[in-house]
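Chemist: A predicted structure for the sequence below; I have some questions about it.
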Amino acid sequence: MRRALLVVPFALALSGCWNREAVWEAVDGTRASVARPGESEAERLYRLGKNCMDVIERDDCAIDYFEQLVQLGPDRRDLLGDATFRLVELYRRNDEPEAATLLLRKFWELGMDMGSAGVVAYGIRFAPPTLTTMFQVDVAQIEASGLHAALPSEAKELMFTCDEARREQLDAEVEARRAAKRAEREAANPSTPAELRQAEQRQARRDARREADEGKPKSVYSKGFCQVAKAIGLTDSSDFDRFLGASHHEDARQSVAIIEVGELEAKLAAAIVAGTIVAEPTPIIEGRELSTMTQSLRDKLRVWSLVGIEYEGGKLQLLSLDRDELMLAPEALVPGILHARAHGQEQLDPKLRALLGQVPGEVAFLTVIEAEAMQESMAEFGAIGKLLPDPQGMLMAAVVHDYAGLFIRLPTEESVKAWLLLSIVRKLLDGAEQDAADDDASPLRELDITQSPDGKALLMSTILSKQTVVQMFLGG
């Protein structure tokens, strides 16, 4: 999982525009027509911009309204997010790529409320301090988006299905399409002997990593999301509202998962009757007497075990540390988590929490990797890794509306080294931009890589259209 999380940012770093101090400012416009009853000015501007873009198909009109909305800066992330991505598309097709680039660079501050770890499930604050990586998927937000509605059913299945046979079938179909595309590219532009050797070396390294990982313990969430879904009577993870996975980058036994789902108490009661989970005795917690606690707190110290499922020689257990929130954890970690919950002691690594505080609220997907995990991963890149600035972690966030935006932030104190890296990447990879321009579905087509104005972070962003998402999931 750790290496998979690192693939996207370094793949995206293959191309893009860069500039150390980019500033975007909307063209001022007059906010004219009267809003409908009960409609805010932000809602009016968004409605009119969307009408111009989708109904009467007037780009100039749409750009004007969406620019006014961005300039207004409302605390409406749903409107502002979709308007931003629509503006990027409008700028791109009207030969204003620089305006699109500068707008995307404002993601980490534009209309976003930062500074709180509340962007993730509440119970994670009581998880072990050994966690160094975390991801979260907001299923409800993704499924409510226009992009999700437009995707083919196969792409949605690959996102969430727990049917292993169906997943294997879909994976085989995807690999066949990708193999056909590779063969087509090779026929049109045969690889040189040096390129073939490099491809063989890359494959050998992937095989070696895969073999090395085979004997290692897997995280509780590698199969746990589907195990929990089945236990509480759900089909797959698409039935969750949100789900989160967190682990230590070198020891997957230090891992937890959190699932948010409505009407959880009824589902747990039904699961006990069905025999898929069993209630465990209320544990003894040092320094706290159950009789002195409120019923609400006692309810947050309950423990269940999944029936017929073991993890690393122990039970795989469930906790409900907050309303409609279910934590999955190895039996060995449960006492420490319950002790923290009973005493109200937040345990999450302060460095990881600080990174979470930089993630804009209400993102559909996020990944956060603590500095130690990132720095150890740099060693795997050998000589290239030495060129990279020493990262103080990694943040990845996706926002999904009719379009999706993927944003990556690599904080670093080595601003000069980061600036030099950008220069090197641009010089070495000039051809990647043209290759991406020839492929409408390439995620590199809208890629931007830059440096924050203070030089303390590398920033990457790209817009994912329906066509791009389909290609990423289905290989075609």
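Modeler: The structure has been received and is ready for your questions.
Chemist: neighbours around Arg253, how many?
Modeler: 18 (other C-beta atoms under 10 Å). Placement of C-beta: from N, CA and C, glycine included.
Chemist: I'd like the distance from it to Ala364, if you could.
Modeler: As for Arg253, its distance to Ala364 is 29 Å (criterion: C-beta to C-beta, to the nearest Å).
Chemist: ok, the closest residue to Asp322 other than its chain neighbours - contacts?
Modeler: Leaving aside its sequence neighbours, Asp322 sits nearest to Tyr122 (C-beta to C-beta, 6 or more residues apart in numbering; 4.4 Å). Taking C-beta atoms under 8 Å, 6 or more residues apart in numbering as the criterion, Tyr122 is in contact with Leu321, Asp322, Glu325.
Chemist: Over to the first one. Which of the three states is it?
Modeler: It stands for Leu321. strand (DSSP: H, G, I helix; E, B strand; the rest coil).
Chemist: dump the residue contacts of it.
Modeler: With C-beta under 8 Å, 6+ apart, Leu321 has these contacts: Tyr122, Gly123, Phe126, Lys300, Met327, Ile337, Arg341.
Chemist: Looking at these, spot the one nearest Thr161.
Modeler: Met327 (23.1 Å; C-beta to C-beta).
Chemist: Near that closest one, how many other residues are there?
Modeler: Per other C-beta under 10 Å, the neighbour tally for Met327 reads 26.
Chemist: Okay, and it sits in which element?
Modeler: Using DSSP states H and E, Met327 maps to strand 325-330.
Chemist: so where do the strands sit in this structure?
Modeler: Taking DSSP state E as the test, the strands found in the chain are 133-137, 242-247, 255-260, 277-279, 303-311, 314-322, 325-330, 365-369, 394-400, 404-411, 448-451, 457-464.
Chemist: Name every strand pairing with the shortest one and say which way it goes.
Modeler: In other words, strand 277-279. If you go by DSSP bridges, strand 277-279 pairs up with strand 303-311 (antiparallel).
Chemist: which other residues reach the partner strand?
Modeler: Taking C-beta under 8 Å, 6+ apart as the rule, strand 303-311 contacts 220, 227-228, 231, 268, 271-272, 275-280, 282-283, 315-319, 330-331, 334, 338.
Chemist: Could you list the buried residues of the top helix by length along the chain?
Modeler: Of all segments of type helix in the chain, defined using DSSP state H, the longest is helix 164-188. For helix 164-188, burial by neighbour count (16 or more other C-beta atoms under 10 Å) applies to Leu170, Val174.
Chemist: Check stretch 72-84 too.
Modeler: The neighbour-count check on stretch 72-84 (16+ other C-beta under 10 Å) flags Leu72, Pro74, Arg76, Arg77, Asp78, Leu79, Leu80, Gly81, Asp82, Ala83, Thr84 as buried.
Chemist: gap between the third one and Ser145?
Modeler: In this view, Arg76 and Ser145 are 16 Å apart by C-beta to C-beta.
Chemist: same check, this time on Leu406
Modeler: Leu406 is 14 Å from Ser145, by C-beta to C-beta.
Chemist: who's more crowded, these two?
Modeler: Neighbours per residue (other C-beta under 10 Å) separate Leu406 from Ser145, with Leu406 holding more: 23 against 19.
Chemist: who's sitting farthest from the centroid in this structure?
Modeler: Ser291 (41.7 Å; C-alpha atoms, centre = their mean).
Chemist: Pass me the low-pLDDT residue ranges in this protein, would you?
Modeler: Across the chain, the ranges flagged by pLDDT under 70 are 1-35, 77, 108-118, 362, 376-391, 413-447, 476.
Chemist: Quick check: phi and psi at Thr161.
Modeler: Main-chain torsions, Thr161, degrees, to the nearest 10: phi -60, psi 140.
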